[in-house]
Structure formats: structure tokens, C-alpha cells
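Q: Got a predicted structure plus its sequence, pasted below:
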Amino acid sequence: APARVDEEAYAPFQNRNIAHRGLHCIEKGIPENSLAAFNAACEAGYGSELDVQLTKDGQVVVFHDDTLKRICGIDARVDAKTLEELEELRLLGTEQGIPLFTEVLAAVGGRTPLIVELKTGPNNEELCEKTYEILAGYEGEYCIESFDPRIVRWFRKNAPDILRGQLSCGPEGF
């Protein structure tokens, strides 16, 4: 059962603008979930929501879609590529690449709060463990969320002090 919200933990996210996938604007050459988008959000005083998932070789990268088609023009899944392969790709034809989660945390540097969405994949437990390990060294404010209740449950069991949220959406086709 859900617990009551810890008002102190929730406070950094109250009455604050949160830039979904960073403050992106492709007309300005700033694609979503890019280092430039997260820097722009920080400079504007916005928090950021971002998406993390694993590469084929187990690296935690920041990327929303399961596939690379929409953003990179490649017909392949993110989890089917190694970090080295992903580093060759560019986001929406810009100079920006797919960042490591650690790179985004370094760029934000605790300036504004982060909402970290863990994407469902073939290795959810590994994603949870690695994300938690990376966040353990981060001094900024953050919470985690996922559409996958197994991911939220992992954090409830293994990191109960981390603010977490269960995402949901309406049934498709209605």
C-alpha cells in the first residue's frame, strides 16, 4: 500500500516548472533528453524529467523511446546497441548525442530537481540496481518514477527512502 507523502521530500517538486525531457527546442538545435536540454532547463530554473534505460553492454543512458527510429533515424532498439555504437549517433540531426546518466547528473550538478523515469526493458532489476547505485553518489534532489509497477516496487523494497511515483495512463482504444 502506498505510504503518506513525506512533505519534506516532496517540497522540491512543489510549485516548480519541470521540463519534460529537459527544456528542448529543436528549432534552436536543442533535442529532448540531451545535455543541452538539461543545461537549458537549469539555466531557466526548471527541474527536469528524464528517461533512463540500459544499453546492450549494461550502461545507463538517457533516452526516451525504446527504439532509435524517431530521434536518431536508426531502426534498432536502444538495448540492442552498445554504448560505443550509441555514441556514434546524433539526436535529431544536431551535434548532441545520447548522454550517459552520469553525464546528465554531472551537468545538472544539483542545480534543480530531477524526476528520473526508469523505462521497462529486458533487465529491469539491473536497471534499478545501476540507477540506484549512480544516484547514491548524487547530491541533488530527485525522485524516481516508472510506468512499470515492478520497478517502483523494487525501489520501495530496496530504497524506501527515495521518493517514488507510479505512472499510469488511460486504457488505449477507449
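A: That came through, no problem.

Q: Alpha carbons of the longest strand anywhere in the chain, as CSV, please.
A: If you go by DSSP state E, the chain has its longest strand at strand 47-54. In CSV, the C-alpha atoms belonging to strand 47-54 read as follows (Å, rounded to 0.1, in the frame of the first residue of the first chain):
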residue,chain,number,x,y,z
GLY,A,47,13.6,21.0,-12.8
SER,A,48,13.8,18.2,-15.4
GLU,A,49,12.2,14.9,-16.1
LEU,A,50,14.4,12.4,-17.9
ASP,A,51,14.3,8.8,-19.0
VAL,A,52,16.9,6.1,-18.3
GLN,A,53,17.4,2.7,-19.8
LEU,A,54,20.2,0.2,-20.4
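
Q: Output the contacting helices and strands for it.
A: strand 18-20, helix 35-43, strand 60-62, helix 101-108, strand 114-118, helix 124-136 (3 or more Cβ pairs under 8 Å, 6 or more residues apart in numbering; DSSP states H and E). The way it works is simple: take the backbone N, C-alpha and C, and place the C-beta from them, glycine included.

Q: Name the nearest residue to the residue nearest the centre of the chain, sequence neighbours excluded.
A: Central residue of the chain (Cα atoms, centre = their mean): Asp51, 2.4 Å from the mean position. Counting by Cβ to Cβ, 6 or more residues apart in numbering, Asp51 lies nearest to His64, which is 4.4 Å off, once chain neighbours are set aside.

Q: so how far is Glu133 from the one you found?
A: 22 Å (Cβ to Cβ, to the nearest Å).

Q: Compare these two and say which is more crowded by neighbours.
A: His64 (18 against 10; other Cβ atoms under 10 Å).

Q: what's near enough to touch the more buried one?
A: By Cβ atoms under 8 Å, 6 or more residues apart in numbering, His64 lies in contact with Arg21, Glu32, Asn33, Asp51, Ile71, Lys119.

Q: out of the residues you listed, which is most surrounded?
A: Asn33 (26 neighbours).

Q: pLDDT at that one, what is it?
A: Listed pLDDT for Asn33 reads 97.

Q: Which element, helix or strand, includes it?
A: Under the criterion DSSP states H and E, no helix or strand holds Asn33.

Q: is it true that it touches Arg21?
A: Yes: between Asn33 and Arg21 there is a contact at 4.7 Å, judged by Cβ atoms under 8 Å.

Q: between these two, what contacts are shared?
A: Contacts common to Asn33 and Arg21, judged by Cβ under 8 Å, 6+ apart, are Leu50, Asp51, His64.

Q: quick one: contacts for the nearest residue to the first one once chain neighbours are set aside?
A: Counting by Cβ to Cβ, 6+ apart, Leu50 lies nearest to Val62, which is 5.2 Å off, once chain neighbours are set aside. Neighbouring residues of Val62 by Cβ under 8 Å, 6+ apart: Asn33, Leu50, Asp51, Val52, Ile98, Pro99, Leu100, Phe101, Glu103, Val104.
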